[in-house]
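Enquirer: What follows is a protein structure lacking sequence information:
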């Protein structure tokens, strides 16, 4: 039986200009290899302009791993090991998934035989080398940026008050006046929210053209670049560590750019910020499990926790949810729109219990969802049909032009120009075709049996009652997409309008619901799936029930 092969190719944006890394070059080499060995290429998976750093953002790789479960091919071929992964852990896990699905793997440049221990050792060794190469590249980039910062040069990024010309900061005077205004307000005693609220009422916008928030004002007030300094390495490994990667001793040197504020203004602002930066003792121990799930009835922004004392002399608080936009950006953007937390949470818990315990109601909802699921693929299939039709037209046109090119009485310059145009269009169409095919082949549009749904919600309801406050919040966010609120003039008039659920039909075990869901938005598919590479199997866990809305 002829070996069925899937080829996987990848090139990052930076690598596209380097000889030997092109997508077409990899595909050509892999096809030649298969032709020489008598293999049948059944599919080509292409991740173009994508770094190897993030597996979750390489959708064609994800699709290939999913297809391996249904034995669509017997062997995965890559041009070079680092096309598959530059991280040793990712590489080993990907290989493990393929092996569990009885799919072999080979790299034509390194030529590993994974059927014996030495072959596996060689693959692991090359994987380690690939990871070392990537780490060296990252380190070299960091060294270059550190050197620039030491020389007082800007390392890039957008900042109100400046523009970057030839990698140098140049003052934009109209914006610089706004920066000086912000510092003046802060020194006068205005807080971050008060400044944001005032600027928004006066019609000012951020560098990105949006309303000011507490955070955007804080970033300006604490940015030493406005005083003529260059700060570097304040945050390290942001993608993995987030705020936990804050460097307490970042590089700070005198910059070569012109400052917007003088040193006296900067020192005053810094002293005020430091005096306010200490955390007051915690007097409130409540929690807000529906944070960001509740949506403001006025602007649709996620609502966040707010509390107020019942009276001035009491320590007892009343819990509310209020509009996040109001909290961060002030009354110029939205109103508080307070919702009583106790009433909202009681309603939501009761509804989840109701749907979990009422089989008749759940059966109706599941039927409604399954009816919707059956139509989800139709727009994508029509789109794919249109794209494929256009690809055929482009190919036919190109064939006709090539035929005419062989005749001397045609304008060859015009024909070559037109062929180049068609080639560019064909590449875009093929990329679009691959994207739509990937969406259609995801195992996320399928009807789910009623017993499975009932089991999931029953487990969820049981867990919710026993969970700690933070765990309750996590569980609720895993199953609820959003909660809309009736508008009203006061908290008493604002009540829950409807709850929209999205959840997974797969179970990690009997005690926990895996919920990575997907919801339908304007006829398109909004991906909210999470890749789980920490378990040996199954790799693809996402199953769609779509959204259930009940009032």
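Expert: Cool, the structure landed. Since the structure is predicted, the reported quantities are computational estimates derived from the model, not experimental observations. Numbering: from 1, shown residues only.
Enquirer: just checking, residue 230 touches residue 145?
Expert: No - the pair residue 230 / residue 145 is not scored as a contact, 10.8 Å apart, by C-beta atoms under 8 Å. Quick note: C-beta positions are derived from backbone N, CA and C, even for glycine.
Enquirer: Compare neighbour counts for those two and give me the winner.
Expert: The neighbour count for residue 230 versus residue 145, taken as other C-beta atoms under 10 Å, is higher for residue 230 (22 against 16).
Enquirer: Name the residues of stretch 178-195 that are buried.
Expert: Residues 178, 179, 180, 182, 183, 185, 186, 190, 192, 193, 194, 195 are the ones in stretch 178-195 that count as buried (16 or more other C-beta atoms under 10 Å).
Enquirer: Mind checking the pLDDT average for that stretch?
Expert: Averaged across stretch 178-195, the pLDDT comes to 94.
Enquirer: How about stretch 29-48?
Expert: According to the model, stretch 29-48 has a mean pLDDT of 89.
Enquirer: cool, and stretch 498-511?
Expert: 49.
Enquirer: And stretch 152-166, by the same measure?
Expert: Stretch 152-166 comes out at a mean pLDDT of 84.
Enquirer: Report the buried residues of that stretch.
Expert: 153, 154, 159, 160, 161, 162.
Enquirer: Now do that stretch: everything it contacts.
Expert: 145, 148-149, 167-172, 175-176, 178-179, 206-208, 220, 223, 225-226, 230, 232, 253-257, 260 (C-beta atoms under 8 Å, 6 or more residues apart in numbering).
Enquirer: same check, this time on stretch 173-190
Expert: Contacts of stretch 173-190 (C-beta under 8 Å, 6+ apart): 160-162, 194-195, 198-199, 204, 207, 217, 220-221, 226, 260-261, 265-266, 268-269, 272.
Enquirer: Out of those, name the ones that lie in strands.
Expert: residue 162 (DSSP state E).
Enquirer: Now the buried members of the contacts of stretch 173-190.
Expert: Among the contacts of stretch 173-190, the ones that count as buried by 16+ other C-beta under 10 Å are 160-162, 194-195, 198-199, 204, 207, 217, 220-221, 226, 260-261, 265-266, 269.
Enquirer: re earlier: find the pair from the buried residues of stretch 178-195 with maximum spatial separation.
Expert: The widest separation within the buried residues of stretch 178-195, taken as C-beta to C-beta, falls between 180 and 193 and amounts to 20.0 Å.
Enquirer: I'd like the average pLDDT over stretch 313-332.
Expert: 87.
Enquirer: Would you map out the domains in this protein?
Expert: Domain assignment for the chain by automatic domain parsing gives 4-143, 162-276, 294-326+335-346, 377-434, 450-550.
Enquirer: And the ones you listed: which comes nearest residue 362?
Expert: Once those are compared by C-beta to C-beta, domain 450-550 is nearest, at 5.9 Å.
Enquirer: re earlier: need the max-distance pair from the buried residues of stretch 152-166.
Expert: 153 and 160 (19.6 Å).
Enquirer: Closest to residue 90 out of the buried residues of stretch 152-166?
Expert: Closest to residue 90, out of all of those and judged by C-beta to C-beta, is residue 154, at 33.6 Å.
Enquirer: For the closest one, what are phi and psi?
Expert: Backbone torsions for residue 154, taken as degrees, to the nearest 10, come to phi -80, psi 140.
Enquirer: could you measure it against residue 69, distance?
Expert: The gap separating residue 154 from residue 69 is 49 Å, by C-beta to C-beta, to the nearest Å.
Enquirer: cool, residue 424 as well?
Expert: Counting by C-beta to C-beta, the gap from residue 424 to residue 69 is 36 Å.
Enquirer: who's more crowded, the two?
Expert: Neighbours per residue, other C-beta under 10 Å: of residue 424 and residue 69, the larger number sits with residue 69, 17 against 10.
Enquirer: Surely that one and residue 101 touch.
Expert: Yes - Residue 69 lies in contact with residue 101 (C-beta under 8 Å); the separation is 5.3 Å.
Enquirer: Show me the shaky parts of the stretch 1-150 of the chain.
Expert: Residue ranges of the stretch 1-150 of the chain with pLDDT under 70: 1, 13-21, 49-57, 86, 88, 111-120, 122-131, 133-135, 137-138.
Enquirer: can you map out the helices along it?
Expert: Assigned by DSSP state H, counting those that start in this stretch, the stretch 1-150 of the chain shows helices spanning 23-37, 59-69, 81-84, 88-100, 117-150.
Enquirer: I'd like to know which of the ones you listed lies nearest to residue 404.
Expert: Here helix 23-37 is closest among these (C-beta to C-beta), at 24.9 Å.
Enquirer: Would you indicate which residues of the closest one are buried?
Expert: 23, 26, 27, 29, 30, 31, 33, 34.
Enquirer: what's the answer for stretch 483-499, then?
Expert: Buried-residue list, stretch 483-499, by 16+ other C-beta under 10 Å: 483, 484, 485, 491, 494, 496, 499.
Enquirer: nearest residue to the last one other than its sequence neighbours?
Expert: If I follow you right, that is residue 499. residue 483 (5.1 Å; C-beta to C-beta, 6 or more residues apart in numbering).
Enquirer: Given the helix or strand that the one you found is a member of, what are its sheet partners and their directions?
Expert: If you go by DSSP states H and E, residue 483 is part of strand 480-485. Strand pairing for strand 480-485, determined by DSSP bridges: strand 294-295 (parallel), strand 496-502 (antiparallel).
Enquirer: now that strand, how far from the chain's geometric center?
Expert: Relative to its chain's centre, strand 480-485 lies at 21 Å (C-alpha atoms, centre = their mean, to the nearest Å).
Enquirer: And stretch 482-492, by the same measure?
Expert: 30 Å.
Enquirer: And it, end to end?
Expert: With C-alpha to C-alpha, to the nearest Å as the measure, stretch 482-492 spans 21 Å from end to end.
Enquirer: State the pLDDT value of residue 244.
Expert: pLDDT, residue 244: 58.
Enquirer: quick one, phi/psi of the nearest residue in space to residue 310 that is not next to it in sequence?
Expert: Counting by C-beta to C-beta, 6+ apart, residue 316 is the residue found nearest to residue 310 once chain neighbours are left out, at 5.0 Å. The phi/psi pair for residue 316 (degrees, to the nearest 10) reads phi -80, psi 140.
Enquirer: And the one 3 residues further on, by the same measure?
Expert: As for residue 319, its main-chain torsions (degrees, to the nearest 10) stand at phi -90, psi 140.
Enquirer: Count the neighbours of the residue nearest to it when sequence neighbours are not counted for me.
Expert: With sequence-adjacent residues excluded and distances taken as C-beta to C-beta, 6+ apart, residue 319 is closest to residue 341, at 3.6 Å. Counted with other C-beta under 10 Å, the neighbours of residue 341 add up to 25.
Enquirer: how close does residue 341 get to residue 321?
Expert: Noted for residue 341: a distance of 6 Å to residue 321, by C-beta to C-beta.
Enquirer: which residues do the two both contact?
Expert: Counting by C-beta under 8 Å, 6+ apart, the residues touching both residue 341 and residue 321 are 288, 290, 305.
Enquirer: ok, and the closest non-adjacent residue to the last one?
Expert: Spatial nearest neighbour of residue 305, chain neighbours left out: residue 288 (3.3 Å); criterion: C-beta to C-beta, 6+ apart.
Enquirer: show me the contacts for the one you found.
Expert: 304, 305, 319, 321, 341, 473.
Enquirer: The same query, at a cut-off of 10 Å, please.
Expert: 294, 303-307, 319-321, 341, 344-345, 469, 473 (C-beta atoms under 10 Å, 6 or more residues apart in numbering).
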